[in-house]
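Asks: fold the following, please.
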Amino acid sequence: MIIKKLKGESAVIEYSLKYGKEYVNISVPEKSDITVLEPEASSPIPDIESALIYSINNPIESPPLPNLLSPTDKITIVISDATRSWIGINNILPPLVNSLNSSGIKDEDIVILVALGTHRFQTEEEIASLVGKEIYGRINIVQHDCDDYSNLQYIGTTSLGTEVEVNKLLLNRKVIITGGIVHHDMAGFGGGRKSILPGCVSRKTIFQNHVHTMKPDGQGIDPRVGTGKLEDNPLNMDMVEAMNMVAPIFLINLVVDGDGKTIGIFCGDPYAAWYEGCKFADDAFSINIDKPSDLTIVSCGGYPKDINLYQATKSLFNAAAATKDGGNIVFLAECIEGGGSDKFYGWGKYLPFDNLEKELRKHFTIEGYIFYYAVYIAQKYSVYLMSKDPDETVKDMGFITVDNINDTICNIVNKKPINSIYIMPYGSTTIPKITDK
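Replies: Numbers count the residues shown, from 1 in each chain. Below you'll find the predicted structure:
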């Protein structure tokens, strides 16, 4: 990551930020120390297929994948759904399946299991786009259903009390998990074990795991849970334990930059290879800053990262990590699809905040948690939201809606003691870490 200091000759500094599929020009009065927090460009992998084949045969803390296979094996390949299409799984499935064929495994003995978690079923068009034309129609593809107990089986209870009910296609077969590694505001990082839990388990198992996000005794979020946090994170530890019950034989995880380019491929032992990928992603997307700002201006990085408020909140949460308590956040998110799923804004009926937490503990959902955390941020900071979402729920959540971004910035700088300003052009993939808060 790099930090850019902006110094202008005039009293105003100009900068362009992505907003949907367009750009918005912002003008920042030069009365404060202005710093741009921007991801440093990483070198994309030029030949993904060759890199994958090399990694499969030179894995991390594992024998090469062909050494783990025999011609009589039944294989389940777990993939993420269309909400993670940025991973580019269609680029790795053909060489992976061809590698299995080279080990004597027939196409009819391979199943691709789409790890939906609690997400909606994908359309055939989405599935075809997700796996690519070479695989679609060639390999049997099954979408996981977290409520279909005819295809679920209990395999044990974790040390935290989560009853692990998994898709039967993960049992009595050799399982290969695929996915992408990104920072995650609950589990620390995505990828790895999340392909199993929440990806391919029952709704009950997901609830029992995810409720560990909240403090077991008392109010609020468990401080061990959060972006980049793995050690002692109860959510993560519970997920790893569930994955180990399934005992997948191999992992293939990618790290992708903000432009959708693959910058890292990690193959091998399902925990060790994933953990190495997490360290790589942390180095690629984290940035150390000396102190929090008085004002942070953040863009999600444009469409589709700001397609709806549910998706855009990741940028808001990252911006909050760079802002002092009680500070100001100017948040650009076009939100042409409003809040996103009805399940997100639906949590507005449980406001005010104290009641919202009570309901979340009773009926925990991802949408509910993201809604809850967004309201928490809006209480802790002054959040000025520029979007095209007409829903009044955003005001109920505590956001200050604005139409003119430059007037808003000018008013904040002129009316409040603003000594430092951060600009985050790619909020969803920029992870600030304050070294001396």
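Asks: helices along the protein, start to end?
Replies: 48-57, 93-102, 124-131, 203-210, 234-246, 272-285, 309-320, 342-345, 353-362, 366-380, 393-396, 405-415 (DSSP state H).
Asks: who touches whichever strand in the chain runs longest?
Replies: Taking DSSP state E as the criterion, the chain has its longest strand at strand 323-332. Contact with strand 323-332 is made by 17-19, 24, 291-300, 306, 312, 315-316, 319-320, 377, 380-387, 399, 402, 405, 408-409, 412, 416, 418, 422, as judged by CB atoms under 8 Å, 6 or more residues apart in numbering. Where you see a C-beta, it was placed from the backbone N, CA and C, and this is true even at glycine.
Asks: got the angle for that strand vs helix 366-380?
Replies: Here strand 323-332 runs at an angle of 110 degrees relative to helix 366-380 (axes from the mean of the first three to the mean of the last three CA atoms, to 10 degrees).
Asks: so what are the sheet partners of strand 323-332 and their directions?
Replies: strand 293-299 (parallel), strand 382-386 (parallel) (DSSP bridges).
Asks: pick the most buried one from these.
Replies: Highest mean neighbour count among the strands paired with strand 323-332 (mean count of other CB atoms under 10 Å): strand 293-299, with a mean of 27.
Asks: angle of it against helix 309-320?
Replies: Using the same axes, to 10 degrees: strand 293-299 against helix 309-320 is 150 degrees.
Asks: keeping just the C-alphas, turn strand 293-299 into CSV.
Replies: Provided in CSV are the C-alpha atoms of strand 293-299 (Å, rounded to 0.1, in the frame of the first residue of the first chain):
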residue,chain,number,x,y,z
SER,A,293,-8.3,11.3,10.9
ASP,A,294,-10.9,14.0,11.8
LEU,A,295,-12.5,13.4,8.4
THR,A,296,-12.4,10.4,6.0
ILE,A,297,-13.8,10.7,2.5
VAL,A,298,-14.4,7.2,1.1
SER,A,299,-15.5,5.8,-2.2
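Asks: now do that strand: distance to the chain's middle.
Replies: 21 Å (CA atoms, centre = their mean, to the nearest Å).
Asks: now do it against helix 405-415, angle only.
Replies: 180 degrees.
Asks: for V413, give its distance to S387.
Replies: 21 Å (CB to CB, to the nearest Å).
Asks: who's more crowded, those two?
Replies: Between V413 and S387, S387 has the larger neighbour count (other CB atoms under 10 Å), namely 24 against 19.
Asks: state the pLDDT value of the more buried one.
Replies: Per-residue pLDDT puts S387 at 95.
Asks: so it touches V394, yeah?
Replies: Yes - the pair S387 / V394 is scored as a contact, 7.4 Å apart, by CB atoms under 8 Å.
Asks: how is the protein carved up into domains?
Replies: 2-30+290-434, 48-283 (automatic domain parsing).
Asks: tell me where the model's unsure across this structure.
Replies: 1-10, 436-437 (pLDDT under 70).
Asks: can you pull the contacts of the residue nearest to G88 when sequence neighbours are not counted?
Replies: Excluding the flanking residues, the one nearest G88 by CB to CB, 6 or more residues apart in numbering is T262, at 6.2 Å. Listed by CB under 8 Å, 6+ apart, the contact partners of T262 are P44, I45, I48, G88, N91, L254, V255, V256.
Asks: distance-wise, check T262 relative to F207.
Replies: The value you get for T262 to F207, if CB to CB is used, is 33 Å.
Asks: D342 too?
Replies: D342 is 19 Å from F207, by CB to CB.
Asks: the two - which one has more neighbours?
Replies: F207 (15 against 9).
Asks: how about that one, what does it touch?
Replies: Here F207 is in contact with F364, T365 (criterion: CB under 8 Å, 6+ apart).
Asks: and V201, how many neighbours?
Replies: For V201, using other CB under 10 Å, the count is 29.
Asks: that one contacts K168, correct?
Replies: No - the criterion here is CB under 8 Å, and V201 misses it with K168 at 11.6 Å.
Asks: give the residues shared as contacts by the two.
Replies: L152.
Asks: and the gap between the closest residue to D294 other than its chain neighbours and D407?
Replies: Distances taken as CB to CB, 6+ apart place I418 nearest to D294, at 4.5 Å, with adjacent residues excluded. As judged by CB to CB, I418 and D407 stand 15 Å apart.
Asks: could you check which of the two is surrounded by more residues?
Replies: A count of neighbours by other CB under 10 Å puts I418 above the other of I418 and D407, at 21 against 11.
Asks: residues contacting the more buried one?
Replies: Taking CB under 8 Å, 6+ apart as the criterion, I418 is in contact with K31, S32, D294, L295, N328, I412.
Asks: biggest separation within these, which pair?
Replies: K31 and N328 (13.9 Å; CB to CB).
Asks: list the contacts of M397.
Replies: M397 neighbours (CB under 8 Å, 6+ apart): G348, L351, F371, A374, V375, A378.
Asks: against F266, how distant is G191?
Replies: 9 Å.
Asks: give the bridge partners for the residue positioned nearest the centre of the chain, please.
Replies: When CA atoms, centre = their mean is applied to the chain, the residue found nearest the centroid is H184 (4.8 Å). Assessed by DSSP bridges, H184 has beta-bridge partners G188.
Asks: tell me if I'm right that it and G226 touch.
Replies: No - in this structure, H184 is not within contact of G226 by CB under 8 Å, at 9.1 Å.
Asks: V111 bridge partners, please.
Replies: T76, N140.
Asks: before we move on, back to that, now the strands paired with strand 323-332 in JSON lines, with distance to L96?
Replies: Output for those, formatted as JSON lines (distance: least, CB to CB, whole Å):
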{"stretch": "strand 293-299", "distance to L96": "35"}
{"stretch": "strand 382-386", "distance to L96": "42"}
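Asks: okay, now I434: neighbour count?
Replies: I434, neighbours per other CB under 10 Å, totals 15.
Asks: my bad, I127
Replies: Other residues close to I127 by other CB under 10 Å number 19.
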